[in-house]
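S.K.: I'd like to go over a predicted model; first the sequence, then the structure.
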Amino acid sequence: MTNKIENFTKKFLKESLPELKSGDTVRIYQKIQEGKEKKSHIIEGLILARKHGKEMGSTITVRKVVAGIGTERIIPLHSPLIEKIEILKRGKTRRSKLYYLRTAKGKKARLKNESFKEVLAEEPTVEVETPSLDATKEKKEK
């Protein structure tokens, strides 16, 4: 029974998801439709929690404080409405669920930054030959 379910849901899983952890600051591009127009809505905030691992129903909870009011959204990662996810910063955490940040204020609501390097696509380097000084002198003498 579970093999049939796994085979069916495997088609819908996204392959190109970045490695998301709690404490990351992310920017999520979500498709929305207003009337006949299709737009891209940007959600930016701190990941408080990631649930359900790598399965079809995996979600992240994203929190952002705007004008002193905290807003949270639960976003399904494998939804077809999610265009892309960018990681802006990576915070150093010792917990997997950061629900304590809901009540924290001031400096206690901040996370330390972790060194973060994510190479999206490496461009091949092209070596350019520069003429040596001897070759330029020979051209001037001619």
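M.R.: Sure, I can see it. Predicted model, so just to flag it, every value in this text is computed and none were measured.
S.K.: so residue 114 touches residue 92, yeah?
M.R.: Yes. When contacts are counted by CB atoms under 8 Å, residue 114 is listed as touching residue 92 (4.3 Å). C-beta here means a position set from N, CA and C on the backbone, and glycine is covered the same way.
S.K.: where do the contact lists of those two overlap?
M.R.: The contact sets of residue 114 and residue 92 overlap at residue 23 (CB atoms under 8 Å, 6 or more residues apart in numbering).
S.K.: any idea how far residue 42 is from residue 52?
M.R.: Using CB to CB, to the nearest Å, residue 52 is found at 24 Å from residue 42.
S.K.: who does the helix or strand containing residue 46 pair up with?
M.R.: Assigned by DSSP states H and E, residue 46 belongs to strand 37-51. Next to strand 37-51 in the sheet, as set by DSSP bridges, lie strand 24-34 (antiparallel), strand 59-66 (antiparallel).
S.K.: closest one to residue 85 among the ones you listed?
M.R.: For the strands paired with strand 37-51, proximity to residue 85 was assessed by CB to CB; strand 24-34 is nearest, at 5.2 Å.
S.K.: now the helices: where do they sit in this structure?
M.R.: Secondary structure of the chain, counting by DSSP state H: helices at 2-10, 133-141.
S.K.: Quickly, which of these bottoms out on average pLDDT?
M.R.: Between these, the one with the least mean pLDDT is helix 133-141; it has a mean of 59.
S.K.: backbone phi and psi for residue 17, please?
M.R.: Dihedral pair for residue 17: phi -90, psi 140, per degrees, to the nearest 10.
S.K.: what number of residues lie near it?
M.R.: For residue 17, the neighbour count with other CB atoms under 10 Å is 14.
S.K.: Tell me, how many residues neighbour residue 48?
M.R.: By other CB under 10 Å, 20 other residues sit near residue 48.
S.K.: right, and it touches residue 22 too?
M.R.: Yes. Using CB under 8 Å, residue 48 is in contact with residue 22, at 6.3 Å.
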